[in-house]
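Undergrad: Predicted model, plus sequence, below.
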Amino acid sequence: MKEKAFNRENITDLADRIELNCKEFDKESFCKDIFEKLDFLELKERGDFVSENLTKYLPKDFKLANEILLNSLEEELIDLNFPLRRFIYISISDFVVQNYDDFDLAMDSLREITKRFSAEFSIRKMVEDNPKKAFEYIYLFTKDENEHVRRLASEGTRISLPWAKKVNYLDENLELIISVLDRLKLDKSRYVQKSIANSLNDISKVDSDLVLKTLKSWREENRENKDIEWIVNHSLRTLIKECDRDTLEFLGYGEVEIEIANFNYTKDIDFNSKLEFEFELKSDKKEKLLIDYAIHFQKKNAKLSKKVFKLVKKEIDKSLNIKKSYLFTDRSTRKYYAGLHKLEILINGKSVLIKDFYLKGEF
């Protein structure tokens with residue numbers, strides 16, 4: 001990826017566009033300095049190094065340098081399929097936040113840059129530098145006609161943005177993040193909706209009550225709104241996976257009276273074979289069911305480690321047959337150990353059955 005995002009061709013193209021807007025720009029030296037170290041750098045290091053060299057070769061006057069860069073930008077994205085070469089815009093937005101001496105001008109520049117490639121990483125420094133003023137702009141961004149700018153408001157304020165460093169101010173002011181998301185909750189762009197849901201999912205890991213309170217309020221204010229329902233389900237994916245009871249009840253998966261019949265499963269399993277199980281659920285009335293299964297894997301220290309897997313979401317009408325298998329084979333994400341394991345069935349977050357099985361052989 002780093003070769004496609006920050007390669008000689010992309011860097012030369014950036015230098016060419018800058019030179020068109022600044023005849024004094026030393027394109028040859030700029031490229032030469034970067035190319036000497038480029039092959040030894042990883043993705044983020046490449047982005048930082050290009051930014052450092054922009055600082056080195058552009059005018060020291062920020063207003064002038066910023067104008068040159070804005071005039072060197074490519075056309076705005078017209079859809080969500082941006083080419084990897086656009087990653088180089090990370091260096092441009094980083095240059096802005098590392099060199100600005102005018103907060104307003106810097107925020108306006110990030111707004112323009114993010115229309116070409118997201119400035120979600122760089123805007124976090126602005127939040128660190130001046131939270132109050134940064135959020136004034138972020139609130140304005142939520143009303144922008146461009147979906148990339150609106151998404152910048154939600155994505156740039158995530159507490160756990162992938163690849164980005166933590167911002168303590170955001171961690172300590174979750175209600176402020178919610179106030180941003182609240183302004184975006186009726187946004188019609190699925191691109192923005194995904195960002196809202198991802199931000200709420202981040203928050204759910206540290207304050208599930210706040211997320212549930214927020215989503216309950218949104219639901220009550222916007223009944224039968226399909227976009228809100230989409231956000232609700234995607235925001236709660238971690239809590240659903242953890243079988244959080246309050247979350248499941250909020251989604252309509254409450255206590256149920258269910259009979260499990262005809263349960264059959266593989267009790268002894270060899271490596272590269274399947275744990276197979278099947279059963280029938282019976283009920284005297286219609287019930288909304290979220291059915292999961294968990295495997296309690298044997299660890300190296302002989303203790304068991306539980307992993308929950310999704311089975312099915314379905315409404316039962318008298319009876320429902322379930323059949324599933326799990327293949328014990330080489331996986332990059334898990335190492336298997338012979339010995340006792342457990343299979344658990346969960347219905348609406350409640351454990352309803354646990355059975356022992358044994359994994360045999362050497363792995």
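TA: Arrived safely.

Undergrad: For the stretch 151-300 of the chain, which segments count as helices?
TA: 168-171, 174-184, 190-204, 208-221, 226-235, 237-241, 245-250 (DSSP state H, counting those that start in this stretch).

Undergrad: Who is Lys310 paired with across the strands?
TA: The bridge-partner assignment for Lys310, based on DSSP bridges, gives Asp292.

Undergrad: In this structure it contacts Lys324, no?
TA: No: using CB atoms under 8 Å, Lys310 is not in contact with Lys324, being 10.3 Å away. C-betas here are computed from N, CA, C, even on glycine.

Undergrad: Mind checking which of these two has more residues around it?
TA: Counted by other CB atoms under 10 Å, Lys310 and Lys324 do not tie: Lys324 has more neighbours, with 18 against 12.

Undergrad: In a strand, that one, correct?
TA: Yes: counting by DSSP: H, G, I helix; E, B strand; the rest coil, Lys324 falls inside a strand.

Undergrad: Can you tell me who it pairs with across the strands?
TA: According to DSSP bridges, beta-bridge pairing links Lys324 with Phe277.

Undergrad: Leu359 in helix, strand or coil?
TA: Applying three-state DSSP: Leu359 is strand.

Undergrad: gap between it and Leu304?
TA: 12 Å (CB to CB, to the nearest Å).

Undergrad: The helix or strand that contains Leu64: what's the following helix or strand?
TA: Assigned by DSSP states H and E, Leu64 falls within helix 62-71. Downstream of helix 62-71, the first helix or strand assigned by DSSP H and E is helix 89-99.

Undergrad: If we go by neighbour counts, what in that following helix is buried?
TA: Neighbour counts over helix 89-99 (16 or more other CB atoms under 10 Å) mark 89-97, 99 as buried.

Undergrad: Apart from its chain neighbours, what residue comes closest to Asn262?
TA: Leaving aside its sequence neighbours, Asn262 sits nearest to Glu280 (CB to CB, 6 or more residues apart in numbering; 4.8 Å).

Undergrad: Tell me how many other residues crowd the one you found.
TA: By other CB under 10 Å, the residues close to Glu280 number 14.

Undergrad: which helices and strands does the helix holding Leu64 pack with?
TA: Judged by 3 or more CB pairs under 8 Å, 6 or more residues apart in numbering; DSSP states H and E, helix 62-71 is in contact with helix 8-21, helix 89-99, helix 103-113.

Undergrad: most centrally placed residue in this structure?
TA: Central residue of the chain (CA atoms, centre = their mean): Asn198, 5.1 Å from the mean position.

Undergrad: Need the pLDDT of the residue nearest to it when sequence neighbours are not counted.
TA: Spatial nearest neighbour of Asn198, chain neighbours left out: Arg158 (6.5 Å); criterion: CB to CB, 6+ apart. Note for Arg158: predicted pLDDT of 98.

Undergrad: Arg158 and Phe263: what is the separation?
TA: Distance of Arg158 to Phe263, given as CB to CB: 43 Å.

Undergrad: neighbour count winner among these two?
TA: Arg158 (22 against 14).

Undergrad: Might one say that that one is in contact with Ser199?
TA: Yes: under the criterion of CB under 8 Å, Arg158 makes contact with Ser199 at 4.7 Å.

Undergrad: still on that earlier bit, surely the residue nearest to Asn262 is in contact with Asn264?
TA: No: if you go by CB under 8 Å, Glu280 and Asn264 don't touch, sitting 10.1 Å apart.

Undergrad: Figure out the helix or strand that the residue lying closest to Lys355 once chain neighbours are set aside lives in.
TA: Leaving aside its chain neighbours, Lys355 sits nearest to Leu343 (4.9 Å; criterion: CB to CB, 6+ apart). Element membership of Leu343, judged by DSSP H and E, is strand 339-347.

Undergrad: as a whole number, average confidence for that strand?
TA: Mean predicted lDDT for strand 339-347 stands at 96.

Undergrad: picking that back up, what count of nearby residues applies to the residue nearest to Lys355?
TA: Based on other CB under 10 Å, the number of other residues close to Leu343 is 21.
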